[in-house]
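1. With the sequence up front, the predicted model follows.
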Amino acid sequence: MITVVGTGTGAPAADDVLAGAALVVGGRRHLDAVRPPRGAERIVLGPLAPALDAIAEYVGKELPVVVLASGDPGFFGIVRALAERFGAGLLDVRPGVSSVATAFARIGLPWDDAVVVSAHGRDPRTAVNVCRAHPKVAVLTGPGAGPAELGAALDGDRVLVVASALGDPERERVERVTPAEAAARDWGTAVNVVLCLDEARALGAVRTVAGVPSGPARWALDEDEFAHRDSMITKFEVRALALARLGPRPGDLVWDVGAGSGSVAVECARLGAAVVAIEKAPDGVQRVHDNARAHGVDVRVVHGTAPQTLSGLADDPDAVFVGGGGRELPAVVTACARRARRTVVVAVAALDRVPAAREALTAAGFGCAGVLLQSSRLAPLPGDVTRLAATNPVFLLWGVRTPLPSEGVAQ
């Protein structure tokens, strides 16, 4: 049997749990805080594979093993690796209080509506994009993905709560800082978790389903659900296919280039992605802000002209929608394709511009496909009859980055 003990927020494991253990595994601070039985082997956790191999030897001899972990070891913890290797039936898990629950308790906020993301041993861009898109996020940190790195990537409209050494009566600290203040400090190794909050929305509404908000009940919203100028808006039929090809999801960053009303940007944000909308018209910038606010989502709006403005955007997007560009369209598509990690989707009304946009995608190493969308909507006529009203045809092109031969599927 493998007993997995979550030591809570700094509380040591009880001696009776350790009694009779032939092997005790844990981080150095966990092992230093306990008294293993005389004769028991101790393994300080570093690389996980050697520790699992050692545990397997003891399990094979039917000798009891105790694994010490922080907080709740079933929450982004070692229980997953142990269950995969030895089977859940061999585990006796005794959870402590997670650092996430403790951090929210320290600042007096519920966390059933918080999005929790781990940046420990992972690319921090996912955590950063989740923080950009959601008002209440808990980030489990790690080397190279701590408060300083998060702060450097985030704008000033968020507050970071940095919780360190939770449960230690002498060293525990819970500090509210701006992203800029977080970026300017060396936080050491005692950080447990960073909370990223939009404090105006931090309390949140009563929820039925915890964690990541469920997706919207519908998308490809009607044009009249957005403020727009003279019907200058991506029609919902086009938007539906564009969203399907963009595939926005939590952890993604999406650019909406030539955003206009921002309908695509808003819909991507409603689906959980972080979004940057680029718009050259001052009144268009205001409309995007207004539409994002009306739909309760965060969209960063950049006032500028593509492709020039794109070079000033620090982070590469996962997906890009190009809804404008005019004569500059090939240059805009080329600039977007150079930066996009996954997909570029282009909406084009003019037939003459399709070949150049397609060539820009293929030249950047994207596999390119497309369709001409022609739709006719039901429209009433006098006499209680109905006609078909045709919308303007639109070409939708999409390019998907083709992995290099050396790149794996996960990339």
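-> Nice, I can see it.

2. so how many other residues sit close to residue 250?
-> Using other Cβ atoms under 10 Å, residue 250 has 18 other residues around it. Heads up, the C-betas are built off the backbone N, CA and C, glycines and all.

3. Surely it and residue 131 touch.
-> No: the pair residue 250 and residue 131 does not pass the contact test of Cβ atoms under 8 Å, sitting 10.9 Å apart.

4. Return the residues in contact with the residue positioned nearest the centre of the chain.
-> The centre of the chain sits closest to residue 251, judged by Cα atoms, centre = their mean, with a distance of 2.1 Å. By Cβ atoms under 8 Å, 6 or more residues apart in numbering, the contact set of residue 251 is 117, 125-127, 129-130, 272-273.

5. Phi first, then psi, for it.
-> phi 100, psi -10 (degrees, to the nearest 10).

6. Three-state assignment for the nearest residue to it once chain neighbours are set aside, please.
-> With sequence-adjacent residues excluded and distances taken as Cβ to Cβ, 6 or more residues apart in numbering, residue 251 is closest to residue 126, at 4.0 Å. Under DSSP: H, G, I helix; E, B strand; the rest coil, the three-state class of residue 126 is helix.

7. and the worst-scoring helix or strand of the chain on mean pLDDT, C-alpha only, in PDB?
-> Ranked by mean pLDDT, DSSP states H and E, the helix or strand of the chain with the weakest confidence is helix 15-18, at a mean of 79. The C-alpha trace of helix 15-18 is given here as PDB (Å, rounded to 0.1, in the frame of the first residue of the first chain):
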ATOM      1  CA  ASP A  15       3.600  10.300  13.400                       C
ATOM      2  CA  ASP A  16       1.000   7.600  13.300                       C
ATOM      3  CA  VAL A  17       0.800   7.800   9.500                       C
ATOM      4  CA  LEU A  18       4.500   7.200   9.200                       C
END
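
8. nearest residue to residue 299 other than its sequence neighbours?
-> Spatial nearest neighbour of residue 299, excluding adjacent residues (Cβ to Cβ, 6+ apart): residue 292 at 4.0 Å.

9. for the helix or strand in which that neighbour is found, packing partners?
-> Using DSSP states H and E, residue 292 sits in helix 282-294. Here helix 282-294 touches helix 263-270, strand 274-279, strand 300-303, going by 3 or more Cβ pairs under 8 Å, 6 or more residues apart in numbering; DSSP states H and E.

10. Next, the buried residues of the last one.
-> Same thing as strand 300-303. 300-302 (16 or more other Cβ atoms under 10 Å).

11. what's the least confident helix or strand of the chain in contact with?
-> Defining contact as Cβ under 8 Å, 6+ apart, one finds that helix 15-18 is touched by 3, 5, 24, 34-37, 40, 66, 94.

12. can you list the residues you listed in a markdown table and add pLDDT and distance to residue 307?
-> Below are those laid out as a markdown table (pLDDT from 0 to 100; distance: Cβ to Cβ, whole Å):
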| residue | pLDDT | distance to residue 307 |
| --- | --- | --- |
| 3 | 93 | 59 |
| 5 | 91 | 56 |
| 24 | 92 | 59 |
| 34 | 84 | 59 |
| 35 | 84 | 65 |
| 36 | 83 | 62 |
| 37 | 85 | 67 |
| 40 | 90 | 64 |
| 66 | 93 | 59 |
| 94 | 91 | 57 |
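
13. buried stuff in stretch 187-207?
-> For stretch 187-207, by 16+ other Cβ under 10 Å, it's 187, 191-197, 202.

14. Residue 370 contacts residue 400, doesn't it?
-> No: in this structure, residue 370 is not within contact of residue 400 by Cβ under 8 Å, at 11.8 Å.

15. CA-only coordinates of stretch 263-278 in PDB, if you can.
-> Only the C-alpha atoms of stretch 263-278 are listed here, as PDB (Å, rounded to 0.1, in the frame of the first residue of the first chain):
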ATOM      1  CA  SER A 263     -17.800  40.800 -33.300                       C
ATOM      2  CA  VAL A 264     -15.200  38.100 -34.000                       C
ATOM      3  CA  ALA A 265     -13.000  39.300 -31.100                       C
ATOM      4  CA  VAL A 266     -15.900  39.200 -28.700                       C
ATOM      5  CA  GLU A 267     -17.100  35.800 -29.800                       C
ATOM      6  CA  CYS A 268     -13.500  34.400 -29.300                       C
ATOM      7  CA  ALA A 269     -13.400  35.900 -25.800                       C
ATOM      8  CA  ARG A 270     -16.800  34.400 -25.000                       C
ATOM      9  CA  LEU A 271     -15.300  31.000 -25.900                       C
ATOM     10  CA  GLY A 272     -12.500  31.500 -23.300                       C
ATOM     11  CA  ALA A 273      -9.600  32.900 -25.400                       C
ATOM     12  CA  ALA A 274      -7.500  35.900 -24.600                       C
ATOM     13  CA  VAL A 275      -8.100  38.400 -27.500                       C
ATOM     14  CA  VAL A 276      -6.300  41.400 -29.000                       C
ATOM     15  CA  ALA A 277      -8.300  43.400 -31.500                       C
ATOM     16  CA  ILE A 278      -6.500  45.700 -33.900                       C
END
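
16. Now find how far off-centre the strand or helix carrying residue 30 is within its chain.
-> Using DSSP H and E, residue 30 falls within helix 28-32. Here helix 28-32 is found 32 Å from its chain centre; the criterion is Cα atoms, centre = their mean, to the nearest Å.

17. Please give me every residue in contact with residue 133.
-> 250, 269, 272-275, 297-298.

18. Make TSV out of those residues and add pLDDT and distance to residue 228.
-> Shown next, in TSV, are the contacts of residue 133 (pLDDT from 0 to 100; distance: Cβ to Cβ, whole Å):
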residue	pLDDT	distance to residue 228
250	94	27
269	97	17
272	94	24
273	97	21
274	97	23
275	98	17
297	94	17
298	95	20
